[in-house]
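In: only geometry, no sequence info:
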């Protein structure tokens, strides 16, 4: 800090004016008692003023140095030693600055991780959409052939429609996850009847269940409830039931049970299929993760979306294998914040 900028400080100007007036008054009063007394008082006041401004100048110099170091941190320098400010009245400021530095580093690390995660997600999304689009292009080129038999043409049209539906579902699921991650969705906290939730969750897959000759057995009292958002819960539970359906053999069975106690409301969805591979269990709810036994049309987003929705309703979901074979998903909606 230069001398010029130091004396341009409004606080320094005010203190200089105050001490000047005080010195003038003290010296004037002292001269009443004699010249020697007046001169002594004047010199003493000057010494106090000089000491005050020397101490203040040093303090302002240290503040300026601290400000410069903070500026270096903001411009990318990784580490600044602030131990020299650990004593005196700047110690409190030093503590707060140290906290700020730690927080800035944490935020920088989080931003780096988010960038990597975003890049990986975009790559996964691109891959998931590119694959069916490539298939659609091939199918369209085959459909353009005039000599193609009607039966074969109809098969290709049906396959194209299926691929378009897959892309539509994938984009819809990704948008839902993005909205939940961004916090732009406000989930309701209303009383949800579990029996209604299960009924609405099964409805969209009723036809595929019939085609697979699979049965769903529901064992609930009918009065189980929890606080949450019905429409979003239908999405979550529906994805879990759909996963069980797709990983259970033809003629298989899916069982849904519910229980309510003072702590949580539990929904257990299980099947009698081959179960979940042990290596897949830790990664089952990760986005775009496809297990060893996943179907060719699986994109690994349904269970990830289900977990995100359930977690946003103060709930948990756990996947495991049953002792007698088959997969088991346990969903709990807690009555208090956990």
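Out: Structure's in. What do you need? In this text, all values refer to a predicted model and were calculated from it rather than measured experimentally.
In: Please make it C-alpha for all contacts and neighbour counts, starting now.
Out: Noted.
In: In the stretch 151-300 of the chain, where is pLDDT below threshold?
Out: The model of the stretch 151-300 of the chain has pLDDT under 70 over residues 291-299.
In: That one: strands as residue ranges?
Out: Read by DSSP state E, counting those that start in this stretch, the stretch 151-300 of the chain holds these strands, from start to end of the chain: 190-193, 215-219, 225-228, 253-260, 264-271.
In: so which of the ones you listed is the most packed in?
Out: strand 264-271 (a mean of 22; mean count of other Cα atoms under 10 Å).
In: Next, format the strands of the stretch 151-300 of the chain as TSV and append distance to residue 184.
Out: Compiled in TSV, those are given as follows (distance: least, Cα to Cα, whole Å):
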stretch	distance to residue 184
strand 190-193	19
strand 215-219	34
strand 225-228	17
strand 253-260	30
strand 264-271	26
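In: List just the one of those strands that sits closest to residue 71.
Out: Distances from residue 71 to each of the strands of the stretch 151-300 of the chain were compared using Cα to Cα; the minimum, 46.9 Å, belongs to strand 225-228.
In: Quick check: can you name the pairing partners of that closest one and their directions?
Out: Strand partners for strand 225-228, identified by DSSP bridges, are recorded as strand 190-193 (antiparallel).
In: can you list contacts of the strand it pairs with?
Out: Contact with strand 190-193 is made by 222-230, as judged by Cα atoms under 8 Å, 6 or more residues apart in numbering.
In: Mind pulling up the pLDDT for residue 304?
Out: Among the per-residue scores, residue 304 holds a pLDDT of 89.
In: Backbone torsions only: list them for the nearest residue to it once chain neighbours are set aside.
Out: Computed as Cα to Cα, 6 or more residues apart in numbering, the closest residue to residue 304 that is not its neighbour in sequence is residue 285, at 4.6 Å. Note on residue 285: its backbone torsions stand at phi -100, psi 10 [degrees, to the nearest 10].
In: Contacts only, for residue 285.
Out: For residue 285, the contacting residues are 303-304, 307, by Cα under 8 Å, 6+ apart.
In: 10 Å instead?
Out: Taking Cα atoms under 10 Å, 6 or more residues apart in numbering as the contact definition, residue 285 lies against 300-308, 317-319.
In: just the buried members of these?
Out: Listed as buried from the contacts of residue 285 are 300-308, 317, 319; burial here means 16 or more other Cα atoms under 10 Å.
In: So which of those residues sit within strands?
Out: 317, 319 (DSSP state E).
In: Let me know the closest of the buried ones among the contacts of residue 285 to residue 65.
Out: Relative to residue 65, and with distances defined as Cα to Cα, the nearest of these is residue 308, at 47.2 Å.
In: The nearest residue to residue 160 once chain neighbours are set aside and residue 161, how far apart?
Out: In space, and not counting its chain neighbours, residue 160 is closest to residue 136: 5.9 Å by Cα to Cα, 6+ apart. Summarising the geometry, the distance separating residue 136 from residue 161, computed by Cα to Cα, to the nearest Å, is 9 Å.
In: Which of the two has more residues huddled nearby?
Out: Per other Cα atoms under 10 Å, whichever of residue 136 and residue 161 has more neighbours is residue 136, with 20 against 13.
In: Now do the same contact list for the more buried one.
Out: Taking Cα under 10 Å, 6+ apart as the definition of contact, the neighbours of residue 136 are 130, 142, 156-157, 159-164.
In: Correct me if wrong, but the residue nearest to residue 160 is in a helix.
Out: Yes - according to DSSP: H, G, I helix; E, B strand; the rest coil, residue 136 belongs to a helix.
In: per-residue pLDDT, it?
Out: In the prediction, the pLDDT value recorded for residue 136 is 86.
In: Run a quick neighbour tally on residue 244.
Out: Here the number of neighbours of residue 244 (other Cα under 10 Å) works out to 25.
In: quick one: it and residue 268 touch, right?
Out: No - counting by Cα atoms under 10 Å, residue 244 does not reach residue 268; the two are 11.8 Å apart.
In: Find the residues that touch each one of these two.
Out: With Cα under 10 Å, 6+ apart as the test, residue 244 and residue 268 both reach 255, 328-329.
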